[in-house]
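>>> Based on what follows, work out the 3D shape:
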Amino acid sequence: MALYGSKAIRGHGIPEAMEQILTNNSKIKPTITYLKPISSAIAIGTGGPFGAEGPIIATGGALGSTVGQLLKISHYERKVLLAAGATAGMSAIFSSPVAGIFLAIELLLFEFSAGSIIPVALACITGAAGHHFLFEPGPVFAITEHLASPGNGALFVYSICGVLIGLISVGVTKIVYLIEDAFEKLPIHWMWWPAIGGLFVGIIGYFNPRTLGVGYNNITDVLSASMPLQVVVMLCLMKFASWAVALGSGTSGGTLAPLLTIGGATGAIMGVIAQKLFPDAGISVSMAALVGMSAMFAGASRALLTSIIFALETTGQVNALVPLLAACTIAYFISIYLMENTIMTEKIARRGVRTPVSYKPDILDQLTVQQVIDKNPLILEFDTTVADAKKWINEHAGFKAKHLIVLDETGYFKGLVPMSVLNQKDINETDRLSMFAVPGDDFVRMDDGLKTAVLKMANDKKDVLPVLGKDNYICGVLEYANLLRAYKLEAANHTSGRPVISLKLRSLKLLVRGQRIIQTSKDR
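Numbering: from 1, shown residues only. Take a look at the predicted model:
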């Protein structure tokens, strides 16, 4: 299917969806809609150590993209449809609509606006309703015991687990791609790689059958602390080995369930050890497993909010919120510090695709024209000569504008004179500036947003626009240099800083005041 259908069905699907969003206007081949679920069903049904969520997300995204390609809509709207289809699939599997919304924000949309969140939210609600209709109610990973709110000692231990899981998530990601690189060096066609991966999976599965298939029951058992420690250790190691080789070989399948299994098992092991070392700290193995499961997801994918909400929705254990927040944030920080890309983005990064890493508001939406234009523009009368204009410019060395503003006989805006015209050698210095003024039919207002101005400059192919104030009087010009200066200032706000309140000065004032009080007391 990959050879004669589409190579995009190889792997876990989310990186491919991200790549189409970032580079191909969210256009996914319609064949993915049926090739991805069929290939994944064969891979997982024959024992592949994958989760079904990745293929379902890829399939839902392909369906949404296909519908978007049939309709007369914009690229942005097609992206929203793709994300809606993908997250609806995730919600249908795990009954986690809120986590699905955050997954769309952190891994697919790369932005937050009403135009995208509302369709995605409706799709996630529909997916969750489908889950409730087809499966039994209740959490997907039901924990047998009710987890109590941890004390400070236990919270500290869970935070340490977040540190260790964060380091392990970095190692897991790097090993997966090292194995993929090793397959790339094999002297055989890539079509045969999944066969090698399947052989390895079969050998491990023969000795440890729990590693075969999606293993959602393994996750439930680990979270419920119903597995013997030796079984948990073997499951953690063997599941990782089986999944890493199978995924590196290009076999179609998801990464979420294996990451949850490995993270949950690692957290359970740490919980047992912590109970031995700190018997009075109130450590719960189930809580440690839940923390490990979520922190592994957060560290490997950097979907911080998704990992926390997902754990809460799939288990129903609201008392785990604070430990999850602590551990996942720490794992997320370690992942950012030690790893350039994630398990979701490394593959497309190697193809030269840059993935957004922040969701800052566009500076063009925040600033108005008035905030960026020069405050003291050079405005000249229509009868000013070239010689007079040159004389003024020579007397004001700090003048750096590229255009002069020329008014007509009535005092209203007539046009702009480029500075390059004045610098021409053959120009007659007795000529009036009005002869060289370029009419400014297009203009912007002082209170217009920068985005409005930039769109007008781009659509009209202008590199400068006059700016009008009240009563249509000219106030200045907007040039590209003004826009670049605005971006420079915004960048400086994020990279440089200085104290706003001087502690040294405040301390000196307090010291002087104290000395005065002491002196007054002595005088009395």
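>>> Got the domain ranges for this protein?
Per automatic domain parsing, the domain ranges recorded for the chain read 7-349, 363-495.
>>> mind listing the strands for this protein?
Here the chain has its strands, by DSSP state E, at 379-380, 403-407, 413-418, 444-445, 464-468, 474-479.
>>> how about those, which one is nearest residue 128?
Smallest distance to residue 128 across those (CB to CB): 46.1 Å, for strand 444-445. (C-beta placed from N, C-alpha, C; glycine too.)
>>> Pretty sure residue 389 sits against residue 380.
Yes. Contact status for residue 389 versus residue 380: in contact at 6.3 Å, counting by CB atoms under 8 Å.
>>> between those two, what contacts are shared?
Shared contacts of residue 389 and residue 380 (CB atoms under 8 Å, 6 or more residues apart in numbering): 404, 433.
>>> Check the spacing between residue 315 and residue 130 real quick.
In this view, residue 315 and residue 130 are 20 Å apart by CB to CB, to the nearest Å.
>>> Give me the more crowded residue out of these two.
Taking other CB atoms under 10 Å, residue 315 and residue 130 do not tie; residue 315 has more neighbours (22 against 16).
>>> what residues are up against that one?
By CB under 8 Å, 6+ apart, the contact set of residue 315 is 139, 141, 142, 143, 223, 290.
>>> could you dump those residues to a markdown table with neighbour count and distance to residue 470?
Below are those laid out as a markdown table (neighbours: other CB atoms under 10 Å; distance: CB to CB, whole Å):
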| residue | neighbour count | distance to residue 470 |
| --- | --- | --- |
| 139 | 17 | 61 |
| 141 | 25 | 63 |
| 142 | 14 | 66 |
| 143 | 22 | 65 |
| 223 | 32 | 65 |
| 290 | 33 | 61 |
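>>> out of those, which are inside helices?
Among those, DSSP state H puts 223, 290 in helices.
>>> Number of residues surrounding residue 150?
Neighbourhood size, residue 150 [other CB under 10 Å]: 23.
>>> doesn't residue 156 make contact with it?
No. Residue 150 is not in contact with residue 156 according to CB under 8 Å; the separation is 9.2 Å.
>>> which one of the domains of the chain has the lowest average pLDDT?
Among the domains of the chain, domain 363-495 has the lowest mean pLDDT, at a mean of 75.
>>> From the chain's centroid, how far away is it?
38 Å (CA atoms, centre = their mean, to the nearest Å).
>>> Helices of the stretch 301-450 of the chain, residue ranges please.
Applying DSSP state H, counting those that start in this stretch to the stretch 301-450 of the chain gives helices spanning 304-315, 321-338, 346-349, 363-366, 386-395, 419-422, 450-459.
>>> Which member of the contacts of residue 315 is positioned nearest residue 463?
Distance to residue 463 across the contacts of residue 315 (CB to CB) is lowest for residue 290, with 57.0 Å.
>>> what sits against residue 125?
Neighbours of residue 125 in contact, by CB under 8 Å, 6+ apart: 91, 97.
>>> going forward can the numbers begin at 47, since that is how I track them
Got it, the first residue is 47 from now on, which makes the last one we talked about residue 171.
>>> Name the single longest helix found in this protein.
The longest helix of the chain (DSSP H) is helix 198-230.
>>> Contacts only, for the nearest residue to residue 509 once chain neighbours are set aside.
Nearest residue to residue 509, sequence neighbours excluded (CB to CB, 6 or more residues apart in numbering): residue 526, at 5.8 Å. Applying CB under 8 Å, 6+ apart, we find residue 526 in contact with 503, 509, 510.
>>> before we move on, what about residue 159?
By CB under 8 Å, 6+ apart, the contact set of residue 159 is empty.
>>> which phi and psi does it have?
phi -150, psi 160 (degrees, to the nearest 10).
>>> Quick check: chain neighbours aside, which residue is closest to residue 310?
Residue 310 sits nearest to residue 339 (CB to CB, 6+ apart), 3.7 Å away.
>>> Return the residues in contact with that neighbour.
Residue 339 sits next to 265, 268, 269, 306, 309, 310, 313, 357 when contact means CB under 8 Å, 6+ apart.
>>> Next one: it from residue 374, what distance?
According to CB to CB, residue 339 stands 10 Å off from residue 374.
>>> hang on, isn't residue 105 packed against residue 83?
Yes. Between residue 105 and residue 83 there is a contact at 4.9 Å, judged by CB under 8 Å.
>>> Looking at those two, which is more packed in?
residue 105 (25 against 20).
>>> mind checking how far the residue nearest to residue 310 is from residue 276?
Where residue 276 is concerned, residue 339 sits at a distance of 20 Å (CB to CB).
>>> Please apply the same query to residue 197.
Here residue 197 is placed at a distance of 29 Å from residue 276 (CB to CB).
>>> In terms of neighbours, single out the busier of those two.
The residue with more neighbours, out of residue 197 and residue 276, is residue 197; 13 against 8, by other CB under 10 Å.
>>> Helices of the stretch 47-196 of the chain, start to end?
According to DSSP H, counting those that start in this stretch, the stretch 47-196 of the chain carries its helices in the segments 60-69, 78-91, 99-116, 121-140, 143-149, 160-180.
>>> Who's the closest spatial neighbour of residue 295, skipping the chain neighbours?
residue 243 (3.0 Å).
>>> which residues does that neighbour contact?
If you count contacts by CB under 8 Å, 6+ apart, residue 243 has them with 291, 292, 293, 294, 295, 296, 297.
>>> Try it again at 6 Å.
Contact partners of residue 243, counting by CB atoms under 6 Å, 6 or more residues apart in numbering, are 291, 292, 295, 297.
>>> can you list contacts of stretch 415-422?
The contact list for stretch 415-422 (CB under 6 Å, 6+ apart) reads 490, 492, 494, 499, 513, 522, 524, 528, 532.
>>> returning to that earlier point: for the longest helix of the chain, what is the distance to the chain centroid?
Mean C-alpha position of helix 198-230 versus that of the full chain (CA atoms, centre = their mean) differs by 20 Å.
>>> What helices and strands are in contact with that helix?
Packed against helix 198-230 by the contact rule (3 or more CB pairs under 6 Å, 6 or more residues apart in numbering; DSSP states H and E) you find helix 275-294, helix 302-323, helix 331-347, helix 367-384.
>>> same thing but 10 Å
Contacts defined by 3 or more CB pairs under 10 Å, 6 or more residues apart in numbering; DSSP states H and E place helix 198-230 against helix 239-253, helix 275-294, helix 302-323, helix 331-347, helix 367-384, helix 392-395.
>>> Out of those helices, the one nearest residue 132 is which?
Nearest of the helices and strands packed on helix 198-230 (CB to CB): helix 302-323, 12.6 Å.
>>> The closest one vs helix 198-230, what angle?
Relative orientation of helix 302-323 versus helix 198-230 (axes from the mean of the first three to the mean of the last three CA atoms, to 10 degrees): 140 degrees.
>>> Any buried residues in helix 302-323, and which?
Going by neighbour count (16 or more other CB atoms under 10 Å), the buried part of helix 302-323 is 302-321.
>>> How far off centre is it?
27 Å.
>>> Tabulate the contacts of stretch 415-422 (JSON lines), appending distance to residue 284 and neighbour count.
Below are those laid out as JSON lines (distance: CB to CB, whole Å; neighbours: other CB atoms under 10 Å):
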{"residue": "490", "distance to residue 284": "65", "neighbour count": "22"}
{"residue": "492", "distance to residue 284": "67", "neighbour count": "15"}
{"residue": "494", "distance to residue 284": "62", "neighbour count": "18"}
{"residue": "499", "distance to residue 284": "60", "neighbour count": "24"}
{"residue": "513", "distance to residue 284": "68", "neighbour count": "26"}
{"residue": "522", "distance to residue 284": "70", "neighbour count": "25"}
{"residue": "524", "distance to residue 284": "64", "neighbour count": "26"}
{"residue": "528", "distance to residue 284": "61", "neighbour count": "20"}
{"residue": "532", "distance to residue 284": "56", "neighbour count": "17"}
